[in-house]
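A.B. asks: Give me a 3D structure for the following:
(chains A, B and C)
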Amino acid sequence: MPIVIENLTYTYQTGSVNAFTALKDISLTIEDGEFVGLIGHTGSGKSTLIQQLNGLMQPTSGRVTVDGFDMNDKKQRKSGRALVGMVFQYPDYQLFDETVYKDISFGPKNLKLDEAEIDRRVREAMRLVGLDFDEFAEKSPFELSGGEKRRTALAGIIAMYPKYLVLDEPMAGLDPSGRKAVLEMIEGFRKQLGCAVVMVSHSMDDIARSAEKVVVLRSGEIFKMGTPREIFSMADELNEMGLEPPFAARMAASLRRGGIDLPHGLYTNEALVDALEAWKRGEKHV
Amino acid sequence: MLSIKNVSFTYDSGTPALENVSLDIREGEFLCIVGHNGSGKSTLAKMLNGLLLPTEGAVIVDGMDTADDDRLLDIRRRVGIVFQNPDNQIVTTVVREDVAFGPENLGIPTEEMIVRVDEALKSVGMESYAESAPHMLSGGQKQRIAIAGMLAMEPNVLVLDEATAMLDPYGRRDILKIVHELHEKKGITVVMITQYMEEALGAERVIVMNSGHIEMEGTPQEVFARGDELRKIGLDVPAAIELRELLKERNIADLGNAMTLEEISEGLCRSLLKI
Amino acid sequence: MFKDITLGQYFPVDSPVHRLDPRTKLILLVMYIVAVFIAKDLWVFGFIIAFMLFMTAMSRVPLSYITKAIKPMKWLLPLMFLLNLFMVKTGTVLVQWQFITITTGGVRQALFIVLRLIALVSGASLLTLTTTPVSLTEGLERLFAPLKVIKFPAHELAMMMTIALRFIPTLLEEADKIMKAQLARGADLESGNVLKRAKAMLPILIPLFVNSFRRAEELALAMESRCYHGGEGRTRLKVLRFHWRDLIAFLIMAALIASVIILQNTFPIDHWIAQAFKNLTGLK
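C.D. replies: Numbers count the residues shown, from 1 in each chain, chains lettered A, B, ... in the order given. You can find the predicted model right below:
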């Protein structure tokens, strides 16, 4: 069963002079096992939207159901929230316990699992994020490097075996190799745990690599929704919105404008080069 | 004007962060220092104005040694540093007063201070936010204020220590544009420390740091030609360079030294459409 | 959202009171407190409160904001009233029933205390309603600056207050984010007894503290980079200058003190009433 968002509207400070509608009439379904990329300018409503997915915020109007649990209902919300794992941008918001082991077990403990199951899950989660158990289990999370902290924070959510994994800018502030490692890890969980992934990212290149469905938010509304191919064909429009489409998509748009008529939906350098090669061959044959 | 001489640095915990680093920063240049997390680039930045002192070697700013306590204010006035977290470098509750914080510490007379503050805010395009509360601004705007705070001290060198790392692409582009403008219009020396390879494309010289030492040095052209070596130390080449190399490899077009989207697109159109 | 909260209770309008120098306002408050404390006749309080109403009107702050400031004392005021009513045993006895004795002195003292508290709180809140926390800090720093001779850290205290004011919204926002991150991990903050709930706050408090320490460290580096080296040799962007209106304000406040003294000595109405009451009832 999926997460279903129906006509969701959310207004901050309803009724006051500062009332601000952050989300307008959003309808969206997140299917089982799907990888959804969520993009939008700062202030487009991305953060507000993902907080609706596990009931941290409730719609002003409309409805969110997680596997049939109505997130407007206080009792059902708890069951729904247990299915949705949420990783926030900075691991520093989450790490608190004495050891990495204890910190990762915080979530599973809250799920009221038994000791043996918790232990099994913590070990499994640490393995999945690439933290060596013997080396890290007894370390304080505050002594870790930035990358290790992020892994620990991820493991803390993974150990809850979420059916839906929601990530807010999971790669922010990491260097290129760190970014790649985290993205590969996320793809890894998805395969091993079969969970759906909703990822918010400013980096369109990362979204282009992994997402099956891309949702573009603009001032609280769904501006466009589709496959990466469809979305990144609109490189110029995205650029205008202050979003930076993948380099290859921008390049393809620029070349098209220059008179090289390339097919739509190119958003990786490799695909672009293939298309250029094909185009060149085609030209020569004429 | 700023020279780092055989500098080594070891943190109290015993981890060595810099090993025998020597580097001269020339007046008016735009230098970019890249490296992965933990390569020592931020430690190096904190050496430049005496926030950290070398365990071995020396850092000399305009003839003054950063180890000399009496010259520290003079050194810090000349070398302004903008840090990563925009929130943690704004001190007061009104933008204008925050920009004045440095000049206030230097004891600049009020009349001159007003001129400097207004000028600095204008240079970063934030004059209309002079009376705003910093916590209501976006990350990019906060970094602009931080830059203005440095400019108001009239430094010779502006160091950006991963100042764009916490910004969205929009804010990042914004800061990059402003820094280039300051470099071109005011001739200010820029040392930009970053992990975004794209940001190094506009620099005059690029230094690549790896595990506490300088791994490569050269123009962006020279450095990014060594893509395989860069990848080996956890870095990347900008997508534009990657594409250019791919095009050459596959015999589609040889675009020489093109580095930007515009250059490559133009070159490709010219070569493929034969115009 | 926490971002929108206003700090202190500053009421942002332009008025002659708002425009006064913060130092003036601080000194005026002290003078006002003196006036309140030397007032020893009940009816003079009527005069002081009329003065307060006049100042409030001048400041264009709605009266409801002043009453809002008095509201938190809704338990304290009746308590003080009753305590004084029953404890003070001077003047004529009005009621005597078992162990309860109410005297004219008690009634007077009870009213007196309540009015005094109201007068003090409304005066202080008029100050915070018409002065931003920032300029209050500035005013305090400069008023106490001469005390540096006796090693009073006026500048340091003011700097701390400024930084606190700057970071309160940031920390509130961060606390909100941390709370959400832990709620998302299934943290239960609502059920259980006090002890259990206090323990459940740890996952929020620890990251908040750890982050604050890191912030403090980074801020210190940033301040050092901007040549901060204490208050010595510092100049200021904003120069506070006394204007004519400050002088006028001082004169008005001095007039209040003088009037209080003169009025209660020339017309001791309380005393007259007490006398008349005594004569009328013939009680002792």
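A.B. asks: in chain B, which ranges drop under the pLDDT threshold?
C.D. replies: B:275 (pLDDT under 70).
A.B. asks: if you set the cut-off to 80 instead, what comes out?
C.D. replies: B:274-275 (pLDDT under 80).
A.B. asks: Which other helices and strands does the longest helix seen in it contact?
C.D. replies: Taking DSSP state H as the criterion, chain B has its longest helix at helix B:169-186. Using 3 or more C-beta pairs under 8 Å, 6 or more residues apart in numbering or on different chains; DSSP states H and E, the elements in contact with helix B:169-186 are helix B:110-123, helix B:139-151, strand B:157-161, strand B:189-194. C-beta here means a position set from N, CA and C on the backbone, and glycine is covered the same way.
A.B. asks: Of those, which is nearest chain C?
C.D. replies: helix B:110-123 (5.4 Å; C-beta to the nearest C-beta).
A.B. asks: sorry, back to before: dump the helices and strands packed on helix B:169-186 into CSV; add distance to A:His264 and mean neighbour count as well.
C.D. replies: As requested, the helices and strands packed on helix B:169-186 are arranged in CSV below (distance: least, C-beta to C-beta, whole Å; neighbours: other C-beta atoms under 10 Å in any protein chain shown):
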stretch, distance to A:His264, mean neighbour count
helix B:110-123, 42, 18
helix B:139-151, 32, 26
strand B:157-161, 38, 25
strand B:189-194, 33, 24
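A.B. asks: Distance to chain C added to these, as JSON lines?
C.D. replies: What follows is the helices and strands packed on helix B:169-186, written out as JSON lines (distance: least, C-beta to the nearest C-beta, whole Å):
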{"stretch": "helix B:110-123", "distance to chain C": "5"}
{"stretch": "helix B:139-151", "distance to chain C": "6"}
{"stretch": "strand B:157-161", "distance to chain C": "9"}
{"stretch": "strand B:189-194", "distance to chain C": "13"}
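A.B. asks: Give the helix, strand or coil label for the residue nearest the centre of chain A.
C.D. replies: Taking C-alpha atoms, centre = their mean, the centroid of chain A lies closest to A:Met199, which sits 0.8 Å from it. Under the three-state scheme (DSSP: H, G, I helix; E, B strand; the rest coil), A:Met199 adopts strand.
A.B. asks: Wait, it touches A:Ile207, no?
C.D. replies: Yes. The pair A:Met199 and A:Ile207 qualifies as a contact (C-beta atoms under 8 Å) at a distance of 7.0 Å.
A.B. asks: Return every residue with contacts to both of these two.
C.D. replies: A:Gly37 (C-beta atoms under 8 Å, 6 or more residues apart in numbering or on different chains).
A.B. asks: if we can go back for a sec, I'd like to know which of the helices and strands packed on helix B:169-186 is closest to chain A.
C.D. replies: helix B:139-151 (7.8 Å).
A.B. asks: who does that closest one touch, helix- and strand-wise?
C.D. replies: Using 3+ C-beta pairs under 8 Å, 6+ apart: helix B:139-151 touches strand B:79-82, helix B:95-99, helix B:101-106, helix B:110-123, strand B:157-161, helix B:169-186.
A.B. asks: Could you give the separation of the fifth one from the chain centroid?
C.D. replies: Relative to its parent chain, strand B:157-161 has a centroid offset of 5 Å by C-alpha atoms, centre = their mean, to the nearest Å.
A.B. asks: sorry, back to before: now distance to B:His135 too, for the helices and strands packed on helix B:139-151, in CSV please.
C.D. replies: As requested, the helices and strands packed on helix B:139-151 are exported to CSV (distance: least, C-beta to C-beta, whole Å):
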stretch, distance to B:His135
strand B:79-82, 18
helix B:95-99, 11
helix B:101-106, 16
helix B:110-123, 18
strand B:157-161, 22
helix B:169-186, 16
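A.B. asks: Identify whichever of those lies nearest to A:Gly194.
C.D. replies: helix B:169-186 (32.0 Å; C-beta to C-beta).
A.B. asks: in that closest one, what counts as buried?
C.D. replies: Buried residues in helix B:169-186, counting neighbours by 16 or more other C-beta atoms under 10 Å in any protein chain shown, are found at B:Pro169, B:Tyr170, B:Gly171, B:Arg172, B:Arg173, B:Asp174, B:Ile175, B:Leu176, B:Ile178, B:Val179, B:Leu182, B:His183.
A.B. asks: right, and C:Gly123 touches C:Met31 too?
C.D. replies: No. Contact criterion C-beta under 8 Å: C:Gly123 and C:Met31 do not qualify, at 10.0 Å.
A.B. asks: which residues in the stretch 51-200 of chain C form helices?
C.D. replies: C:63-70, C:76-87, C:104-130, C:133-144, C:154-184, C:194-200 (DSSP state H, counting those that start in this stretch).
A.B. asks: For the shortest one, which helices and strands make contact with it?
C.D. replies: Pointing back at helix C:194-200 there. Taking 3+ C-beta pairs under 8 Å, 6+ apart as the contact cut, helix C:194-200 packs with no helix or strand.
A.B. asks: Using CSV, write out every CA atom in it.
C.D. replies: What follows is helix C:194-200 as a C-alpha-only set of coordinates in CSV (Å, rounded to 0.1, in the frame of the first residue of the first chain):
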residue,chain,number,x,y,z
VAL,C,194,7.2,13.9,35.2
LEU,C,195,10.4,11.9,35.7
LYS,C,196,9.8,9.9,32.6
ARG,C,197,9.0,12.9,30.6
ALA,C,198,12.1,14.7,31.8
LYS,C,199,14.2,11.7,30.7
ALA,C,200,12.4,11.7,27.3
